[in-house]
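Q: Need the 3D shape of this:
(one chain, ligands or ions: 2)
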Amino acid sequence: MSKEIVVSGIRSTGHLHLGNYFGAIQNYVKMQDEYNCYFFVADYHALTTHPDPKELKTNVFRVLSENIASGLDPEKVALYAQSDVPEIPELYLMLNMIAYKGELEKVPTFKDKVRLQPENVNAGLLTYPVLMAADILIHKGAKVPVGKDQEQHLEMARNFAQRFNTRYGDYFPEPQVFRFNNDTVKIMSLDGTGKMSKSENINATIYLSDDDYTIRKKIAKAKTDAGPVEGQPMPDFIQNLFTLLSITGSPETAQPYINAYNGGSIRYGDMKKQLAEDVVSFVRPIRERSIELQKDEAALRKILKDGGEKARASASAVISGARKLIGISYY
Ligand code: AMP
Ligand code: TRP
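A: Numbers count the residues shown, from 1 in each chain. Ligands and ions are numbered 1, 2, ... in the order given. As a prediction, this is how the structure comes out:
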């Protein structure tokens with residue numbers, strides 16, 4: 001039986017962080033042996049926020065290195081840049097004809113961007129979910145390992161696939177979000193003001209490139225409270241610290257602190273020291289390996305080139321089928 005097809009992408013908009021690792025990359029690494037995987041750097045998606053061209057290039061190489069340093073094996077998966085697969089923008093164009101302005105305007109991530117960058121509400125931002133659907137459907141992807149924040153986009157990808165199939169004949173699968181044990185991972189920023197993100201709350205986000213000193217400093221400043229209040233649930237920013245403790249250390253390390261919290265005797269200072277050490281030990285090998293990889297740009301270029309070729313082999317077959325169904329095939 002042929003392996004199921006998995007597709008996922010990470011935008012090259014900045015440094016990867018623990019949210020990216022636990023929400024996405026960790027799943028990629030676990031999937032690489034069992035599935036036919038296509039993982040890519042979403043550099044076209046990054047253009048929606050107008051990055052500096054020099055920075056974009058550095059970011060692409062760093063995202064690539066950080067993925068490999070986290071355990072992705074370019075021999076086992078197709079690891080490539082979105083912009084190396086021209087069939088993606090072609091499918092994007094086709095899907096744009098069956099994507100409607102009204103539904104795109106309602107997408108929460110679009111509304112967020114309108115709020116964050118009112119001076120740059122471009123058409124690429126509006127059609128972001130259409131490009132994402134093209135990324136997945138270009139390989140007939142069935143499973144998509146992404147964090148919770150991408151669920152709405154996946155729903156739209158299913159809608160576009162269904163619409164295409166209804167109009168032109170059954171062709172695309174309806175891609176589903178994939179997570180091991182159905183874990184919905186969302187890592188919050190350490191100041192409790194939202195999710196960890198590549199570009200917001202930089203001082204409250206732990207990056208895979210942060211050095212030991214920076215990690216310790218950020219964790220020492222993490223938001224805490226005065227301890228549990230009778231009858232009130234644990235605040236999400238405290239829960240987040242316990243989550244980090246159990247996933248970067250182990251559930252056994254976290255348990256005594258959770259017990260102390262429940263018993264009203266938690267000492268956040270001690271807990272943060274433990275957390276800092278666990279995060280430092282977790283990030284250090286990834287950071288060091290990534291720095292090594294970034295020194296050899298020729299090797300990274302070769303990885304991208306080989307990955308792009310694997311991706312194009314699959315993409316060109318799928319796009320020619322789509323062209324035929326639409327009626328754009330004259331020769
Ligand atoms: P992005 O950084 O937005 O390009 O996201 C790349 C991947 O990381 C996507 O699968 C996201 O769902 C996931 N991700 C990003 N931020 C977080 C977070 N704070 N917690 C969990 N997953 C995240
Ligand atoms: N939109 C995703 C994010 O911001 C990145 C992405 C682009 C993606 N294309 C994709 C994820 C295709 C999965 C599949 O995180």
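
Q: residues from the chain in reach of ligand 2?
A: Applying C-beta under 6 Å from any ligand atom, one finds that the chain approaches ligand 2 through 7-11, 42, 45, 132, 135-136, 144, 146, 150, 153. The way it works is simple: take the backbone N, C-alpha and C, and place the C-beta from them, glycine included.

Q: restrict the residues you listed to contacts with ligand 1.
A: When contact is defined as C-beta under 6 Å from any ligand atom, the residues of the chain next to ligand 2 meet ligand 1 at 10-11, 146, 150.

Q: out of the residues you listed, which are inside strands?
A: 10-11 (DSSP state E).

Q: Restricted to buried residues, select the ones next to ligand 1 among the residues of the chain next to ligand 2 in ChimeraX.
A: Entered in ChimeraX, the line below selects the buried ones among these, by 16 or more other C-beta atoms under 10 Å:
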select :10,11,146,150
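
Q: Tell me the residue of this protein that sits nearest ligand 1?
A: Of all residues in the chain, the one sitting closest to ligand 1 is Gly23 (1.9 Å; C-beta to the nearest ligand atom).

Q: can you confirm that residue is in a helix?
A: Yes: using DSSP: H, G, I helix; E, B strand; the rest coil, the secondary structure at Gly23 is a helix.

Q: you'd agree it is up against Gly147?
A: Yes: counting by C-beta atoms under 8 Å, Gly23 touches Gly147, with 3.0 Å between them.

Q: higher neighbour count, those two?
A: The residue with more neighbours, out of Gly23 and Gly147, is Gly23; 25 against 19, by other C-beta atoms under 10 Å.

Q: contacting residues for the more buried one?
A: Counting by C-beta atoms under 8 Å, 6 or more residues apart in numbering, Gly23 touches 146-149, 185-187.

Q: now do Lys76
A: Residues in contact with Lys76 (C-beta under 8 Å, 6+ apart) are 32-33, 37.

Q: tell me the contacts of Val121?
A: Each residue near Val121 by C-beta under 8 Å, 6+ apart is listed here: 113-114.

Q: near ligand 1, which residues of the chain?
A: Counting by C-beta under 6 Å from any ligand atom, the residues of the chain that sit close to ligand 1 are 10-11, 19-20, 23-24, 146-147, 149-150, 185-187, 195-196, 198.

Q: returning to that earlier point: can you read off the pLDDT for the residue of the chain closest to ligand 1?
A: pLDDT, Gly23: 89.

Q: Quick check: the gap between it and Gln294.
A: Using C-beta to C-beta, to the nearest Å, we find Gly23 at a distance of 23 Å from Gln294.

Q: Likewise for Glu87?
A: Taking C-beta to C-beta as the measure, Glu87 falls 29 Å from Gln294.
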